[in-house]
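Novice: What would the 3D arrangement of this be:
(2 chains)
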Number of protein chains: 2
Amino acid sequence: MKIAVLGTGMVGRSLAGKFEELGHDVVMGTRDPDASRERILAWHEAHERITLRTFAVAAAGSELIVLAVSGTSSLDVLELVGAETLDSKIVMDVTNPLDVSQGMPPSLTISNTDSLGEQLQRAFPDARIVKTLNTVTASLMVDPERLGDGEHTVFVSGNDTKACDEVEEILREWFGWRHVLRLGDITTARGAEMYLPLWLRMWTALETPMFNVHVVTALEQK
Amino acid sequence: MKIAVLGTGMVGRSLAGKFEELGHDVVMGTRDPDASRERILAWHEAHERITLRTFAVAAAGSELIVLAVSGTSSLDVLELVGAETLDSKIVMDVTNPLDVSQGMPPSLTISNTDSLGEQLQRAFPDARIVKTLNTVTASLMVDPERLGDGEHTVFVSGNDTKACDEVEEILREWFGWRHVLRLGDITTARGAEMYLPLWLRMWTALETPMFNVHVVTALEQK
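Specialist: Numbers count the residues shown, from 1 in each chain, chains lettered A, B, ... in the order given. Sure, this is the predicted structure:
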């Protein structure tokens, strides 16, 4: 499958690297491909089948778009991609709307009565926004088995049920997630995004980002 | 121990009933004791050693205060109790600042760059506010073993380390919690409170409030 991973940070590299390993045709989107190529030179040399393009070019040539930029850039980046390219495409939104301007730990730039997931869906009504994976550290996104025998949970939120089904299949079949909790429509991204302040403080308390939550129910493990 | 449980809803009744069962001297605080006595008549008859008093009287006579009112009432209720009574007392804050005025599911009345826990601590600097248990349904607060063999996590936030130690002991030794994650000072209540939008949507998705999260780490289960 032709996959565009927008973003060349830790999250983008983890996802792009995994997709490539699985044999997919991966293009990474970035604001300035030449500058990014320099910045991630060593990694890129180890993943030479991945090409670096602008956000718009990467997305236009792809069937699946994975949004892995900083949350504060997400809207701008999708605007660079454009509504026409986004029409009918699944966008896996892995971003967190973190506000680092007020010191650490970050707060959120949007929350409570709205979410970044919803904001993106409103801006691009024909895109199929699916919020997922924003609740775990980058390396864990693509290799959940490395923690606690995979007994922990990832969330999925989106308006388009079929898009959510396809993302769930990616999570389970491609990445190895055992526990996928479908929260509901894109408004449920509020829950997934507002989990971040807790995640950040757990990171501090546990002194590692290598953790996740397992949703435990009476009937079965989720 | 003399314990004041402020609030006569499901949460207050669960906590008061458990403390009574353990042999403590429990007074429930409420705005209008006569009206509350009517409203919870059957329950009160089954827990006749528990007395109902006003918030101020209940708290004044107690060594430990448990705040189990609606989050939007929390500040008012502690104001009725008064700074003098609250001085040096541990206040287990189990409340959630839920805003039900905009429809369901509720949003939060305070979040992101502040929290109810912090608001209460600022208002009563000599009280020892400890945020805990707000992340699980009432019956689970006092009987965590009933879910998944107790393999799930409760959080504790507070400025006063010794107060947090004492609350942790209550959670572990009195209620049976196996996994208590100390998040840090009272600002970490932001995390615990902002977990609620996720909790609410998990409730809808799972069709039950009988669930919790288990924080899974590489080194050990938390």
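
Novice: Start and end of stretch A:50-67, how far apart?
Specialist: 16 Å (CA to CA, to the nearest Å).

Novice: Name the surrounding residues that touch that stretch.
Specialist: Around stretch A:50-67, the neighbours that count as contacts under CB atoms under 8 Å, 6 or more residues apart in numbering or on different chains are A:1-8, A:12, A:15-17, A:20, A:26-31, A:33, A:36-37, A:44, A:74, A:77-78, A:80-82, A:85-86, A:89-95, A:120. No exception for glycine: its C-beta is placed from N, CA and C like everyone else's.

Novice: how close does the most centrally placed residue in chain A sit to A:Thr135?
Specialist: By CA atoms, centre = their mean, chain A has its centre lying nearest to A:Val94, at 1.8 Å. The span separating A:Val94 from A:Thr135 equals 10 Å under the rule CB to CB, to the nearest Å.

Novice: go on, A:Ser62?
Specialist: Using CB to CB, one gets 24 Å for the distance from A:Ser62 to A:Thr135.

Novice: Same check on A:Leu196?
Specialist: Distance from A:Leu196 to A:Thr135, by CB to CB: 8 Å.

Novice: just A:Ala127 next, same as before
Specialist: Using CB to CB, which is the criterion applied here, A:Ala127 is 21 Å from A:Thr135.

Novice: again with A:Thr95
Specialist: A:Thr95 sits 12 Å away from A:Thr135, going by CB to CB.

Novice: unless I'm mixing things up, A:Val167 is touching A:Met92, no?
Specialist: Yes - between A:Val167 and A:Met92 there is a contact under CB atoms under 8 Å: 5.8 Å.

Novice: Which neighbours do the two have in common?
Specialist: Contacts common to A:Val167 and A:Met92, judged by CB under 8 Å, 6+ apart, are A:Val130, A:Thr132.

Novice: Tell me which of A:Thr95 and A:Thr135 has more neighbours.
Specialist: More crowded of A:Thr95 and A:Thr135, by other CB atoms under 10 Å in any protein chain shown: A:Thr95, with 26 against 23.

Novice: for the closest residue to the more buried one other than its chain neighbours, what are its contacts?
Specialist: Leaving aside its sequence neighbours, A:Thr95 sits nearest to A:Gly71 (CB to CB, 6 or more residues apart in numbering or on different chains; 4.2 Å). Contact partners of A:Gly71, counting by CB under 8 Å, 6+ apart, are A:Thr95, A:Asn96, A:Pro97, A:Leu98, A:Thr109, A:Leu116.

Novice: do A:Val142 as well
Specialist: Contact partners of A:Val142, counting by CB under 8 Å, 6+ apart, are A:Ser14, A:Leu15, A:Gly17, A:Lys18, A:Phe175.

Novice: what's the farthest-apart pair in those?
Specialist: By the measure CB to CB, A:Gly17 and A:Phe175 form the most distant pair in the contacts of A:Val142, at 11.9 Å.

Novice: Show me where chain A has its strands.
Specialist: A:2-6, A:25-30, A:51-54, A:64-67, A:90-93, A:98-99, A:107-108, A:128-132, A:153-158, A:179-184, A:211-217 (DSSP state E).

Novice: Could I get these in CSV, plus columns for mean neighbour count and mean pLDDT?
Specialist: Output for those, formatted as CSV (neighbours: other CB atoms under 10 Å in any protein chain shown; pLDDT from 0 to 100):
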stretch, mean neighbour count, mean pLDDT
strand A:2-6, 26, 98
strand A:25-30, 25, 98
strand A:51-54, 18, 98
strand A:64-67, 27, 98
strand A:90-93, 28, 98
strand A:98-99, 18, 97
strand A:107-108, 22, 98
strand A:128-132, 29, 98
strand A:153-158, 27, 98
strand A:179-184, 19, 98
strand A:211-217, 23, 98
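
Novice: Other residues contacting stretch A:10-17?
Specialist: Outside of stretch A:10-17, the residues that reach it under the criterion CB under 8 Å, 6+ apart are A:5-6, A:26, A:28, A:40, A:43, A:47, A:50, A:66, A:68-69, A:94, A:138-139, A:141-142.

Novice: what does the average pLDDT come to for that stretch?
Specialist: Stretch A:10-17 shows an average pLDDT of 98 in the prediction.

Novice: go on, stretch A:70-81?
Specialist: Across stretch A:70-81, the average pLDDT comes to 98.
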